[in-house]
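Trainee: pasting the sequence and the predicted model now:
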Amino acid sequence: MPTESPLPRGLLDAEALPLYAQVAARLMDDITAGGARAGDRLPSERVLAERYAVSRVTMRSALADLADRGVIESSPARGWFLRSASASAGTGAGAGGGEETGDASADRSASAPGGRSVQGFADHALRHGLAARTRVLSSGVRPAKVQEAEELRIAPGAPLFEMRRLRYLDDLVVVVEHNRLPLALCPRLADTDFGTASLYATLRTATPGQFPRVADYSVEARQPTAEERELLEITDVTPVLVATQLAYNQEARPLELTVAIYRGDRYRFRASITD
């Protein structure tokens, strides 16, 4: 296994980003400089890991980062292929995801470390060419309750950012989200307008940047409450799917506890099971 070392300074501050994010940015620069085109195949993970002098685990995370932002995509047993050489590389890792698809759904699934990671609603909309809109129902900072503190591994009473919002795709209401995050990981959460801003994009700007990489995820079906019927514009017997997600950052620290209540006719969960 190669010895990992920080990449040369220049476009990035090596102390500000995790190594896989540095590698992702360097690879993006090389793709752009090389004049690659959509559909071009990348070298194997082994070759890339040797080229950038990092482990294959780090290289997989870097590739997953670029996949999260729609730059590349993987094909089973064939490798990685370029989707768009002009996709923005930004300055941090993207939050990306597996597959939760539907007529108007959001990707919020998870994978094992080194695979694809957690993708936010706005990232999904951008990737699929959909118009995303958010209506914030409430937001603020309050002390964490005991159960929340246990799940998020913070002290009971520690500052917790909480938000409830309605999410739309192409003006169709899809989901009611209840987000809870430790404020200490990203103090900017408290004064950001999430009616227009992306939660995951805001997390990427924290110091250090917060990148959801993997999550525990569960889904159950039930009948909507009266409030949920009103918010989700349900007028018939359509059920809701309640998805509970605990996302972890790049350091395997709990980052976000979310309960998302989807209209059952506008959401489909799909996952790949691996050993």
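Mentor: Looks like it came in fine.
Trainee: where do the helices sit along the stretch 51-200 of the chain?
Mentor: Ranges of helices in the stretch 51-200 of the chain, per DSSP state H, counting those that start in this stretch, are 56-68, 121-127, 146-152, 199-204.
Trainee: quickly compare those and say which is most buried.
Mentor: Compared across the helices of the stretch 51-200 of the chain, helix 56-68 shows the largest average neighbour count, a mean of 24 (mean count of other C-beta atoms under 10 Å). For the C-beta atoms, the positions are set from N, CA and C on the backbone; glycine is no exception.
Trainee: which one of the helices of the stretch 51-200 of the chain has the lowest average pLDDT?
Mentor: Here the lowest mean pLDDT among the helices of the stretch 51-200 of the chain goes to helix 121-127, at a mean of 66.
Trainee: contacting residues around Phe161?
Mentor: Phe161 makes contact with 139-141, 179-183, 186, 189-190 under the criterion C-beta atoms under 8 Å, 6 or more residues apart in numbering.
Trainee: among these, which one sits closest to Ala149?
Mentor: Ala149 has its nearest neighbour among the contacts of Phe161 in Pro182, at 9.1 Å by C-beta to C-beta.
Trainee: test my guess that that closest one contacts Glu151.
Mentor: No - judged on C-beta atoms under 8 Å, Pro182 makes no contact with Glu151 at a distance of 10.6 Å.
Trainee: spit out the residues that contact these two alike.
Mentor: What both Pro182 and Glu151 touch, as defined by C-beta under 8 Å, 6+ apart, is the set Pro254.
Trainee: determine the longest helix present in this protein.
Mentor: helix 19-33 (DSSP state H).
Trainee: which strands or helices does it pack on?
Mentor: helix 56-68 (3 or more C-beta pairs under 8 Å, 6 or more residues apart in numbering; DSSP states H and E).
Trainee: that older thread, want to throw the contacts of Phe161 into CSV with distance to Ile234, pLDDT and neighbour count?
Mentor: Output for the contacts of Phe161, formatted as CSV (distance: C-beta to C-beta, whole Å; pLDDT from 0 to 100; neighbours: other C-beta atoms under 10 Å):
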residue, distance to Ile234, pLDDT, neighbour count
Ser139, 24, 97, 17
Gly140, 27, 97, 9
Val141, 31, 98, 13
Asn179, 22, 98, 19
Arg180, 25, 98, 20
Leu181, 28, 98, 24
Pro182, 33, 98, 24
Leu183, 33, 98, 18
Cys186, 33, 96, 23
Leu189, 30, 97, 25
Ala190, 32, 96, 12
